[in-house]
Structures are given as structure tokens and as C-alpha cells.
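Asker: Have a look; sequence and predicted model below, questions after that.
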Amino acid sequence: MARLVPALDVERTQLGVGLGDRYDSLADGSAVWVRPRSRGAGRRPSAHARVGCHTLPVGTFISVGRSLDAALDRVREAEQLGYHSIFTTHLAGRDSLTVLAAYANVTESIALGTGVLPIYSRTPAATAQQAATIDDISDGRLTLGIGVSHRVTVENWYGAQIRKPVSEMRDYVAILRAIFAGEDPPQSETFPTRFHFLGLRPRADLPIYIAALSPRMLELAGEVADGVILWLCNPDYIRDVVVAHVREGRRKADKPLDGFDIVAAVPTAVTDEVDGARATLRADLSPYFLLPFYRRMIERSGYEADVKLFDEAMERGDASAAAIAISDGFLENLAAIGPADIAAAAVERYRDAGATSPCIGAIPGTDFLNALESLAELAHA
């Protein structure tokens, strides 16, 4: 695998995020993530009727690229349209928790969450302080989504190491729970701390969600967290793998599955230019086909052939062919792309598979404000 990495420059790409963010290299060799500029002005109404029959919350992923103001406009629009929640990814740019403070200041009721904060980017005590502060600013609207991320990111960005991801995530969550509850944090070899709040009583039950792909991490999420956040997990994988292993985690903790939130990110474009949107999404997904955590999940989803063809193209040094190896079937199962009725039906498949909170996110180069407006009826429980 190591010889495959340079062609897509995985080390400099933000991994484990997506949904409308694009990576641009500058002439001086530096890099920025940019989100396509909103094209709301002068937008033509969709020729397709708005549709929606869904009875569970629908949210959205809105992250910040080059323009914070543009992101805030989308956040305001999402709340006005009645979306249940907004999650923001953690990029190689603005800090996700700090971004949520800005989102809180321009909204009143929509739930806010990180999707997700890498646990090795800061200690549990630092995360607890910042999360409690954002929860206070937002009047109790924060969901703290955390994840392991990937070795290439953790080692090259944070100077840390992932040794035992499941047990280290268990420790991290236990420490957060104790700090929020005003209790002594449990001992941890990786995250030792004796932190206690002084002069602040945060919500003891501040929701903690875990990003998970593998059966073991899914079971841990069911056991110790309030929800799970999924990326690149199609409805089949959610039905056949996610729900089963989350249920097992809930069984271990003697907790019911009811009330546990399964947040599924859904790449979305309401458009008649289906082929163009798929081509863009293919390019965005290519780095994930290089990452062990995602590769194993994609193979478990039944797309071993896609991974095999991708690898063969990368062995030849043909990154374009590697992207094309991501099949139409994979994209059709994963994404909500097409006219409003087709996109809405795709989101409904997530609900039917067991995702309690499908969250739509932008595909670069498409009109995401149009998607938010066209699918708004799905947000009305």
C-alpha cells in the first residue's frame, strides 16, 4: 500500500471528512480546502416537485472551506428550513468545535455537532472544557462527536500514535463522562488526567457520539456512547452490519437500542447532471480507498471488486483510472444524486436501513442550497 499513496498525496489530504469540501494545491506547494461558492443568487427553481414522507430527523453536514460567511449563510438556511441538526467536519483548517461556536451565534434551536473531532488532537480535559463552553454558548445544543481518525493524520499532524484504537476510545469516553459528571477521571495509560471543573457545572449527560466503521468500534459505540457517526456506510452496510453490532453493544451495557442515534452522512446533489456529480464524488472518494479502515469497510459492504480495480489502476500510476474504478453501483447505493424525488428516495433508504438521523452533505460543484431547499420536507418529523 505504501507505494500507492504518493499518487493521491494522502498525507496532505484531510482524511475521514468530506461532504462538499475540496482540496486545492497552490503554486507554492501549500494547500487549502475550499468549498464551492454558493450559487444561490439567480438560481432557477427546480423543475421537480419537492417530496418527502420521512418521519425521523434529517440533518446536514456543513463545514467551512474558504469562507466562514458562506458557511454561516448555509447554517441559517438549514435552521430556517427546519433541519434537525448540523454537523461539521474537522478539516486541516478551522477548528470544528470553535466553528460550532460561530454556528451557535447565528442560530437558536438547531442541534450542533462535531462530525468528528479526532481524539488525538487534544487531551480529554481540553476537549471537555471546550465542549462544555460551546454547549453553554449554544444553550445546551451540542453533540460531541469524536473519532480515532487515521494513522497518517494522527502521526503527521498531531505527533501522536494510534496503538489500541478501541480501548483508547473507551478510555477517552470514560474520562469525558467522569469530567462532565464532576467525578474523578478513571486511570488511563494513554490519557492520564486528574482534571475537575471549577466554577462550571456542565451537562452531565452531554451527548457523546463515536465515529465507527468496524464491528468492534460499532459495538463500543453502542456500549458507551449516545450515538454513532457514519461516513461511506451505505444503507446495506447500516442494515447488515451497523445495526447488528450497535445492538450487541447496547446488550452488553444492558441498554435498549431505542434512543441510540445512528447518524449517517449522505453525499447529496439535487441535480439533473447526475454523471457530472458522480464524477466529482468519485474524485473526492479516491483517498478513502487508500485507507485501511475504509478499505475493510468497503470490502465488507460487498465492493471488493471496486477496491481490486482501484488498486490495479494505482499500481499502474493511473489515478484517473483508479477513480473511475469506483463503480456506479457503489455511488448509487451511497449517495443521493438526481432530481428531488430520486434524491429523497435515496435518503429514505438510509432511514429504512436503520439510520435514525440521515444527514445530507454537499458534493463539490453542485448547488447545495438547492439541495437543502428541495429536500427540506424530509426534515419535518
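Answerer: Here it is on my side, so go on. Numbering: from 1, shown residues only.

Asker: Please make it C-alpha for all contacts and neighbour counts, starting now.
Answerer: Noted.

Asker: downstream neighbour of the longest strand anywhere in the chain in the secondary structure list?
Answerer: Determined from DSSP state E, the single longest strand within the chain is strand 261-270. As assigned by DSSP states H and E, the chain's next helix or strand after strand 261-270 is helix 274-285.

Asker: Name the residues that touch that next one?
Answerer: Identification of contacts with helix 274-285 by C-alpha atoms under 8 Å, 6 or more residues apart in numbering yields 18, 22, 269, 323-324, 326, 328, 331, 337-338, 363-366.

Asker: Distance from it to the middle of the chain?
Answerer: Per C-alpha atoms, centre = their mean, to the nearest Å, the displacement of helix 274-285 from the mean C-alpha position of its chain is 18 Å.

Asker: tell me the angle it makes with strand 261-270.
Answerer: Using axes from the mean of the first three to the mean of the last three C-alpha atoms, to 10 degrees, the inter-axis angle of helix 274-285 relative to strand 261-270 is 130 degrees.

Asker: and helix 274-285, which residues are buried?
Answerer: By neighbour count on 16 or more other C-alpha atoms under 10 Å, the buried set for helix 274-285 is 277, 278, 280, 281, 282, 283, 284, 285.

Asker: will you turn the residues you listed into CSV that also has distance to residue 351?
Answerer: Putting those into CSV (distance: C-alpha to C-alpha, whole Å) gives the following:
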residue, distance to residue 351
277, 23
278, 22
280, 25
281, 22
282, 24
283, 27
284, 24
285, 23
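
Asker: For the residues you listed, please prepare a markdown table with the additional fields distance to residue 237 and pLDDT.
Answerer: Converted to a markdown table, these look like this (distance: C-alpha to C-alpha, whole Å; pLDDT from 0 to 100):
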| residue | distance to residue 237 | pLDDT |
| --- | --- | --- |
| 277 | 23 | 98 |
| 278 | 20 | 97 |
| 280 | 23 | 97 |
| 281 | 19 | 97 |
| 282 | 19 | 97 |
| 283 | 22 | 95 |
| 284 | 20 | 94 |
| 285 | 17 | 96 |
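
Asker: For those residues, which two are the farthest from each other?
Answerer: Largest separation among these by C-alpha to C-alpha: 277 and 285, giving 12.3 Å.

Asker: list the contacts for residue 80?
Answerer: By C-alpha under 8 Å, 6+ apart, residue 80 lies in contact with nothing.

Asker: State the distance from it to residue 376.
Answerer: Using C-alpha to C-alpha, to the nearest Å, residue 80 is found at 10 Å from residue 376.

Asker: go on, residue 115?
Answerer: To residue 376, residue 115 is 21 Å away according to C-alpha to C-alpha.

Asker: More neighbours: the two, which one.
Answerer: Just comparing residue 115 and residue 376: by other C-alpha atoms under 10 Å the higher neighbour count belongs to residue 115, 32 against 21.

Asker: Hmm, that one is touching residue 91, no?
Answerer: No: the criterion here is C-alpha atoms under 8 Å, and residue 115 misses it with residue 91 at 10.4 Å.

Asker: quick one: which of the contacts of helix 274-285 is most hemmed in?
Answerer: Going by other C-alpha under 10 Å, residue 269 tops those with 32 neighbours.

Asker: Now the closest residue to that residue other than its chain neighbours: which helix or strand?
Answerer: Excluding the flanking residues, the one nearest residue 269 by C-alpha to C-alpha, 6 or more residues apart in numbering is residue 337, at 4.8 Å. For residue 337, the element it lies in under DSSP H and E is strand 336-338.

Asker: ditto for residue 60
Answerer: Element membership for residue 60 (DSSP H and E) is strand 59-61.

Asker: that older thread, adjacent strands (with direction) for the longest strand of the chain?
Answerer: Strand 261-270 has its sheet partners listed here by DSSP bridges as strand 227-230 (parallel), strand 336-338 (parallel), strand 357-362 (parallel).

Asker: how about the helices in the stretch 201-350 of the chain?
Answerer: Ranges of helices in the stretch 201-350 of the chain, per DSSP state H, counting those that start in this stretch, are 215-224, 235-237, 243-252, 274-285, 292-300, 304-315, 319-324, 328-334, 340-353.

Asker: can you put the ones you listed in CSV and add distance to residue 159?
Answerer: Below are those laid out as CSV (distance: least, C-alpha to C-alpha, whole Å):
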stretch, distance to residue 159
helix 215-224, 23
helix 235-237, 33
helix 243-252, 31
helix 274-285, 26
helix 292-300, 20
helix 304-315, 28
helix 319-324, 29
helix 328-334, 33
helix 340-353, 37
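
Asker: and those helices, which is most packed in?
Answerer: helix 215-224 (a mean of 24; mean count of other C-alpha atoms under 10 Å).

Asker: Packing partners of that one?
Answerer: Contact here means 3 or more C-alpha pairs under 8 Å, 6 or more residues apart in numbering; DSSP states H and E; on that basis helix 215-224 packs against helix 165-181, strand 208-211, strand 227-230, helix 243-252.

Asker: Please list the residues outside stretch 207-226 that contact it.
Answerer: Contact with stretch 207-226 is made by 115-116, 142-148, 166, 170, 173-174, 227-230, 233, 241-242, 245-253, 255, 259-261, 293-294, 297, as judged by C-alpha under 8 Å, 6+ apart.
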